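Peer 1: any chance you can model this:
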Amino acid sequence: MDSVISLPPLLSMIIDGLPPQQQSEYVYEAEERLNHFVDRYHHVNSLDSYCRVGLSYASYMYPNTISVDRVVAISVNYAIGFLLDDLFIDSPDPFLLDQYGIDRSACETPDAMLLYFDHLDAVFSQQHAPRNLIETMMWESGRDILGLSNQEYWFDCFVQAVMEHRNVSVASHADLVSGRTGCFGDLASYTKMRAGNMGGEFIQLMMEFANNSYIPNEMRSNEFLQKVTSTTSVHLGYTNDVYSYHKESSLEANPRNLITVLMECEGKPVAESVHRAVELVKEYGRMILEMEAEAAKWGLEKHMEDIKALIAGNVYYGCMDPRYRQSDSVYLEHRDMTVDWKIAPLFKVSTRRMATVKELQVTSFCAEVQLKARSCGVKRLQIKCSRVKQPLVGCTQVKRFPIGKLLGIVGG
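Peer 2: Below is the predicted model of the structure:
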């Protein structure tokens with residue numbers, strides 16, 4: 001891989017109109033709870049790494065999630081999804097299959113995969129009782145999400161979207177294994193496959209759950225909403241392809257990637273194809289922003305704000321998460337292996353004393369300095385300060401203050 005080719009900055013995929021980098025304020029508390037979840041299954045391998053990726057993904061994709069319970073539920077759900085993708089499609093491991101109680105024959109053919117995935121989805125939707133470890137995790141995940149949402153119709157839509165995603169994933173995998181490359185032959189065919197393979201619809205349904213902001217049932221078939229959903233799905237898939245190109249091309253020889261398709265279909269070298277891919281991400285981002293004008297007609301203003309946070313969060317997640325970092329990555333930004341994926345400032349107001357105006361000011365200032373230092377390439381910055389004793393009336397409960405709230409408190 002040429003190490004000196006000129007590539008666009010990864011954050012150039014954040015166009016004007018998208019929100020700044022942010023992460024769920026519950027990321028630290030959720031991490032503690034996920035550690036307890038992993039401890040329950042200490043006898044299986046790799047679950048901790050899948051939960052870490054699930055939390056990272058959830059905390060960036062859904063920065064405004066309303067509670068730590070929902071952050072944990074989303075993280076576990078994505079962790080299981082990432083695990084299943086690896087076990088059945090990306091990197092099958094007979095030993096891990098045995099550990100999670102999955103019969104090895106379930107991975108032998110696409111039909112066997114689909115049959116088992118259908119069973120897992122029935123377990124998740126509380127229709128079947130669990131009979132092994134992975135099914136217990138699925139059943140508990142479905143129970144928690146259904147219980148927290150209290151939205152049976154939404155839950156049914158979510159389950160259906162997950163099933164459709166798995167069907168497309170298995171179908172594209174089967175095409176690849178059998179040598180059928182029709183969906184890689186041109187950009188339009190690939191885009192159609194990638195939107196489904198990415199799972200964009202269920203990711204957006206999960207966004208409704210995270211923010212406790214559900215689309216009315218009668219609006220599900222609305223043509224405008226469907227256009228928003230499909231456009232967002234392509235944006236999510238294209239963005240993921242930009243980040244995963246090095247991993248998929250160098251480590252997996254996987255042709256299911258936008259940049260690889262552009263290189264093959266348009267005959268462009270890697271640098272030009274990366275530039276083209278980034279421009280396509282930005283193009284779909286602009287399409288989403290242009291839809292905002294029509295959103296008010298359907299009462300979907302809040303939904304569009306959440307969509308903008310979602311697609312921006314996907315870009316930030318790819319920049320920050322270790323999943324895509326390699327010391328020899330084609331992207332300079334991904335060669336630094338020391339970056340901390342957690343950026344949310346950790347600040348708690350103790351129940352045993354009042355927070356002070358000075359402390360809030362200092363904490364806000366330090367958070368801004370930390371982010372500025374990070375953007376300038378400073379990896380570690382320690383700031384020390386002394387406390388003063390001017391009480392701020394009312395701050396008596398344990399609470400995390402994200403940067404925006406801190407600035408609001410101090411500025412107000």
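
Peer 1: so where is the chain shaky, pLDDT-wise?
Peer 2: The chain contains residues with pLDDT under 70 at 1-5, 177, 179-184, 249-253, 346-412.

Peer 1: the same query, at a cut-off of 80, please.
Peer 2: Counting by pLDDT under 80, the chain contains low-confidence residues at 1-5, 172-173, 175-185, 247-255, 345-412.

Peer 1: which residue is nearest the middle of it?
Peer 2: Tyr57 (3.3 Å; Cα atoms, centre = their mean).

Peer 1: all the strands of the chain, in order from the start?
Peer 2: Under the criterion DSSP state E, the chain carries no strands.

Peer 1: quick revisit: what's near enough to touch the residue nearest to the centre of the chain?
Peer 2: Each residue near Tyr57 by Cβ atoms under 8 Å, 6 or more residues apart in numbering is listed here: 75, 78, 317, 321. In this view, the C-beta of every residue, glycine as well, is placed from N, C-alpha and C.

Peer 1: what does the domain assignment say about this protein?
Peer 2: Following automatic domain parsing, the chain resolves into domains at 10-334, 357-411.

Peer 1: need the longest helix for the chain.
Peer 2: If you go by DSSP state H, the chain has its longest helix at helix 152-178.

Peer 1: could you list the buried residues of that one?
Peer 2: 154-155, 157-159, 161-163, 165-176 (16 or more other Cβ atoms under 10 Å).

Peer 1: that helix packs against which elements?
Peer 2: The criterion is 3 or more Cβ pairs under 8 Å, 6 or more residues apart in numbering; DSSP states H and E, and the helices and strands that helix 152-178 contacts are helix 110-124, helix 133-149, helix 187-198, helix 200-211.

Peer 1: please identify the most buried of these.
Peer 2: Mean neighbours per residue, mean count of other Cβ atoms under 10 Å, is largest over these for helix 200-211, with a mean of 22.

Peer 1: run the chain-centre distance for it.
Peer 2: With Cα atoms, centre = their mean, to the nearest Å as the basis, helix 200-211 stands 10 Å off its chain's centre.

Peer 1: with just CA atoms, put that helix into CSV.
Peer 2: Output of helix 200-211 as CSV, limited to C-alpha atoms (Å, rounded to 0.1, in the frame of the first residue of the first chain):
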residue,chain,number,x,y,z
GLY,A,200,-29.7,1.2,7.7
GLU,A,201,-33.4,0.7,8.4
PHE,A,202,-33.0,-1.0,11.8
ILE,A,203,-30.2,1.4,12.7
GLN,A,204,-32.6,4.3,12.2
LEU,A,205,-35.3,2.4,14.1
MET,A,206,-32.9,2.0,17.0
MET,A,207,-32.4,5.8,16.9
GLU,A,208,-36.1,6.2,17.7
PHE,A,209,-35.6,3.9,20.7
ALA,A,210,-32.5,5.7,21.8
ASN,A,211,-34.1,9.1,21.8
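
Peer 1: before we move on, back to that, nearest to Glu279, of the helices and strands packed on helix 152-178?
Peer 2: Nearest of the helices and strands packed on helix 152-178 to Glu279, taken as Cβ to Cβ: helix 187-198 at 12.5 Å.

Peer 1: hmm, who's touching that closest one?
Peer 2: Here helix 187-198 makes contact (Cβ under 8 Å, 6+ apart) with 164-165, 168-169, 172, 182-184, 230, 233-234, 236-238, 240-241, 256, 258, 261-262, 265.

Peer 1: swap in 6 Å and give it another go.
Peer 2: Here helix 187-198 makes contact (Cβ atoms under 6 Å, 6 or more residues apart in numbering) with 168-169, 172, 183-184, 233-234, 236-237, 261.

Peer 1: can you check stretch 274-286 too?
Peer 2: Identification of contacts with stretch 274-286 by Cβ under 6 Å, 6+ apart yields 7-8, 13, 15, 231, 234-235, 238-239, 242, 258-259, 262.

Peer 1: buried residues, it. List them.
Peer 2: Neighbour counts over stretch 274-286 (16+ other Cβ under 10 Å) mark 274-278, 280-282, 284-285 as buried.

Peer 1: what does stretch 42-60 give?
Peer 2: Buried residues in stretch 42-60, counted by 16+ other Cβ under 10 Å: 44, 46-48, 50-60.

Peer 1: one more: stretch 60-78?
Peer 2: By neighbour count on 16+ other Cβ under 10 Å, the buried set for stretch 60-78 is 60-66, 68-78.

Peer 1: now do the same end-to-end measure for it.
Peer 2: Stretch 60-78 stretches 13 Å from its first residue to its last (Cα to Cα, to the nearest Å).

Peer 1: so how far is it off the chain centroid?
Peer 2: That offset, for stretch 60-78, works out to 10 Å (Cα atoms, centre = their mean).

Peer 1: what does it rub up against?
Peer 2: With contact meaning Cβ under 6 Å, 6+ apart, stretch 60-78 is reached by 22-24, 26, 29-30, 33, 54-55, 57-58, 141, 144-145, 148, 210-212, 310, 313, 316-317.

Peer 1: redo that, cut-off 8 Å
Peer 2: For stretch 60-78, the external contacting residues (Cβ under 8 Å, 6+ apart) are 22-24, 26-27, 29-30, 33-34, 37, 51, 53-55, 57-59, 137, 140-141, 144-145, 148, 203, 206-207, 209-212, 306, 309-310, 313-314, 316-317, 320-321.

Peer 1: and if you look at stretch 298-307?
Peer 2: Outside of stretch 298-307, the residues within contact range by Cβ under 8 Å, 6+ apart are 64, 204, 207-208, 211, 213, 215, 219, 222, 224-225, 228, 232, 288, 291-292, 295.

Peer 1: again, but for stretch 316-325
Peer 2: Identification of contacts with stretch 316-325 by Cβ under 8 Å, 6+ apart yields 10-11, 14, 21-23, 53, 56-57, 60-61, 239-240, 242-244, 246-247, 333-337, 339, 341, 343.

Peer 1: which of these are buried, as a PyMOL select command?
Peer 2: To isolate the buried members of the contacts of stretch 316-325 in PyMOL, using 16+ other Cβ under 10 Å:
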select buried, resi 10+14+21+22+23+53+56+57+60+61+239+240+242+243+244+246+247+333+334+341+343
